[in-house]
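quick one: sequence and predicted model below, then my questions.
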2 protein chains.
Amino acid sequence: MERRRDRSPTIVDVAREAGVSKSLVSLAIRGEAGVGEASRERILDAARRLGYRSNSWARSLARGRSQLVGVLVNDLRSGYYVDVVRGIEDAAQRADLRVVLGEGRRDPAITGARIAHLQQLGVDGLVVISGRVDPQTLAQAAALCPVVVVGRPPEVPVAAAQVSNDDRAGARLAIRHLVALGHRRIAHLTDSTRPAASDRRDAVLATLEEFGLGTRGRVVSADGAGRLAAAVAARDPDAPTAVFARNDRTAVRLLGAAIDAGLRVPEDLSLIGYDNTDVAGIVRPTLTSVDQPRLAMGELAMELLTELSAGAAPRREVVRPELVVRASTAPAPGWSSPGARPD
Amino acid sequence: MERRRDRSPTIVDVAREAGVSKSLVSLAIRGEAGVGEASRERILDAARRLGYRSNSWARSLARGRSQLVGVLVNDLRSGYYVDVVRGIEDAAQRADLRVVLGEGRRDPAITGARIAHLQQLGVDGLVVISGRVDPQTLAQAAALCPVVVVGRPPEVPVAAAQVSNDDRAGARLAIRHLVALGHRRIAHLTDSTRPAASDRRDAVLATLEEFGLGTRGRVVSADGAGRLAAAVAARDPDAPTAVFARNDRTAVRLLGAAIDAGLRVPEDLSLIGYDNTDVAGIVRPTLTSVDQPRLAMGELAMELLTELSAGAAPRREVVRPELVVRASTAPAPGWSSPGARPD
DNA sequence: GTGAAAGCGCTAACAA
DNA sequence: TTGTTAGCGCTTTCAC
């Protein structure tokens, strides 16, 4: 009963062609020890002649694993995720694993569906790079296979490992940089209450307080970017001279609004983003931003995944962000020499 | 011989629990007809109780296909590819297929490896969205499963279907727009000789010629963006007043160089990109760009793939680009009223 | 070093 | 409507 007229060759065909048993072919093809030099030669040769291609469905079925790691990213348009993925891919390659990718499109429902799909595929492990994933989705996923979370979703199952950056430290870097430049009215532009965002916000307020710079009205919703720019343009005495946005996306949107409002950046308004994505180097002025070591985070994620698969307890790693100073930040208007550095 | 201590339940377990045979379970779970209402109920119930999850390796192995379509994109950072993927995913969902994604990182070698990997996975079909793929790679791929190419690699195997946009038409749109704005010295910024790029270039030159606007020195290499900006800034009488770049990436790089050189865009220099990616709306001034209907192209690709899988002959579809006018193009310096439109 | 045989979990023909 | 059985292509004991 041949299903397909010209089925592709199997180890049985190779075995017949080489005049050996199929078990030997299996060993030879995987490069296992315990095959005579002569047989090995004949087998590999026969395989080549026949154009043999190993069937991964059968292999996975027989071995009970696939050598596949699934990676779910929140949004492919953001260079942030893509860089983490590359870190993962590089590490995976070294571990002789293959990566399959899925995108959640910033939607928890789609994210859940894609995660289910990846697990359906039979991945040996899963890396979820998204803050937009329901705790329940994540818990279910972690029950099925090793899971590493990169970033900070609302909740991380106890069984899962995690890689994240120190958001409080990152926010402090940004605020201290602005204070050092003489800024006194500093606003934080944010639109989210998820852990990363709220930590950044808390750290902003704490740091402002530390410097005795009132915190009232210093947190602005991201959709108020236009109003904020207008206020600065109108020389509102309460308007900030510098803004730290929760990420580059938000910062770039404000930059657009500021330019549209006729402001000069950084002369009239300094601006800092977060994530140091490629767009930060593309816009003008180029954007000062807090950098997360994305490639390293990806590689770290694979490391944690490997540990988990080996049965180790899940670890949580926090990496340190760094400030990358570009052209969007300058001394506050009227600020001359920066006496003692505030830090 | 149990390999894993707590192996997950199989149809056999479900069958035992429901007191029926495993074939009936198989039918019931897939929702096939020919299962008694009572049995179906009992089976699904048992499956739920046991937490049964169908094993896709076994299913694929038994059925000879995976319901998977592989998608290879050139570069995930570009919104262009991502949008095409979304079109594909939407169409795939309707056809009850799942998408697995791979990235070629703008490198033919990596692209080849990823394509091989996707086929190793046993995809039923493959969509390659990349101009950066070797003819040989593509030919090998097309020999293994149905392949649809989106875009214009150097060569497309006869067995493969293709979706592309009319690059000549797109280039004409751009040039005509600039001519209509009174520009007479128009340059084309390009750095590639692959089919799409060279068609755009040819169409640019042909269109300039059509309008009697000399073509000498009108094609500038992309890495000459800085020099070009400098020439404009120096008021070189030969310098262009408008530039059509081969894509948004290149256009945005030139925009940066222009701003860095102290130029005002579009007052001193008009600028058009190609692809209408998200970055076009993000930079300031916003970028006029030639739009390819990416979502539709993705859906079309899935359509062609379905046809191919059904045994139809491969088709080549060419879609029409459109010009999206934004803020980076303005009348040429000294140009007053645009008499009769040149088109 | 090599071969025989029993699975892996599922589908699909065929019988009942 | 339901059960039986023979694969799908590979891995992995266990004999030889």
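Yes, it's here. Numbers count the residues shown, from 1 in each chain, chains lettered A, B, ... in the order given.

list of residues touching stretch A:256-266?
A:225-226, A:228-230, A:232-233, A:255, A:268-269, A:271, A:285, A:327-330, B:282-284 (C-beta atoms under 8 Å, 6 or more residues apart in numbering or on different chains). All C-beta spots, glycine's among them, are computed from the backbone N, C-alpha and C.

same thing with stretch A:82-96?
Stretch A:82-96 is contacted from outside by A:67, A:69, A:71, A:73, A:76, A:98-99, A:101, A:127, A:129, A:150, A:294-303, A:306, B:76-77, B:103, B:105, using C-beta under 8 Å, 6+ apart.

got a list of what A:Ala296 touches?
Counted by C-beta under 8 Å, 6+ apart, A:Ala296 has contacts A:87, A:319.

show me the contacts of stretch A:256-266 that map onto helices.
Among these, DSSP state H puts A:225-226, A:228-230, A:232-233, A:255, B:282 in helices.

among the contacts of stretch A:82-96, which ones are buried?
Buried members of the contacts of stretch A:82-96, counted by 16 or more other C-beta atoms under 10 Å in any protein chain shown: A:69, A:71, A:73, A:76, A:98-99, A:101, A:127, A:129, A:150, A:294-295, A:297-303, A:306, B:76-77, B:103, B:105.

leaving out chain neighbours, which residue sits closest to A:Leu27?
A:Val35 (5.1 Å; C-beta to C-beta, 6 or more residues apart in numbering or on different chains).

and that neighbour, how far from A:Tyr52?
Distance, A:Val35 to A:Tyr52, using C-beta to C-beta, to the nearest Å: 16 Å.

can you pull out the strands in the stretch 201-343 of chain A?
According to DSSP state E, counting those that start in this stretch, the stretch 201-343 of chain A carries its strands in the segments A:219-221, A:242-245, A:270-275, A:288-291, A:316-319, A:322-324.

and of these, who's closest to A:Val12?
strand A:316-319 (47.0 Å; C-beta to C-beta).

okay, now the sheet partners of that closest one, with direction.
The strands beside strand A:316-319 in its sheet (DSSP bridges) come out as strand A:161-165 (parallel).

what average pLDDT does the partner strand get?
The average pLDDT within strand A:161-165 is 98.

ok so the residue nearest to A:Leu27 is a strand residue?
No: A:Val35: not assigned to a strand; according to DSSP: H, G, I helix; E, B strand; the rest coil it is coil.

that one contacts A:Ser23, doesn't it?
No: at 10.0 Å, A:Val35 does not count as touching A:Ser23 under the criterion of C-beta atoms under 8 Å.

for the two, indicate the residue with more neighbours.
The residue with more neighbours, out of A:Val35 and A:Ser23, is A:Val35; 21 against 11, by other C-beta atoms under 10 Å in any protein chain shown.

for the more buried one, give me phi and psi.
Dihedral pair for A:Val35: phi -130, psi 130, per degrees, to the nearest 10.

what does chain A put close to DNA strand C?
Applying C-beta under 7 Å from any atom of the strand, one finds that chain A approaches DNA strand C through A:19-24, A:27, A:33-36, A:38-40, A:58, A:61-62, A:64.

thought A:Leu254 was touching A:Gly273?
No: the pair A:Leu254 / A:Gly273 is not scored as a contact, 9.1 Å apart, by C-beta under 8 Å.

between the strands of the stretch 201-343 of chain A, which gets nearest to DNA strand D?
Of all the strands of the stretch 201-343 of chain A, it is strand A:316-319 that lies closest to DNA strand D, at 31.4 Å by C-beta to the nearest atom of the strand.

pull the CA atoms of that closest one into PDB?
What follows is strand A:316-319, C-alpha atoms only, in PDB (Å, rounded to 0.1, in the frame of the first residue of the first chain):
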ATOM      1  CA  ARG A 316      15.800  34.000  37.600                       C
ATOM      2  CA  GLU A 317      18.400  36.200  36.100                       C
ATOM      3  CA  VAL A 318      18.400  39.900  36.200                       C
ATOM      4  CA  VAL A 319      20.800  41.700  33.900                       C
END
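
which residues do A:Leu254 and A:Gly273 both contact?
With C-beta under 8 Å, 6+ apart as the test, A:Leu254 and A:Gly273 both reach A:Ala245.
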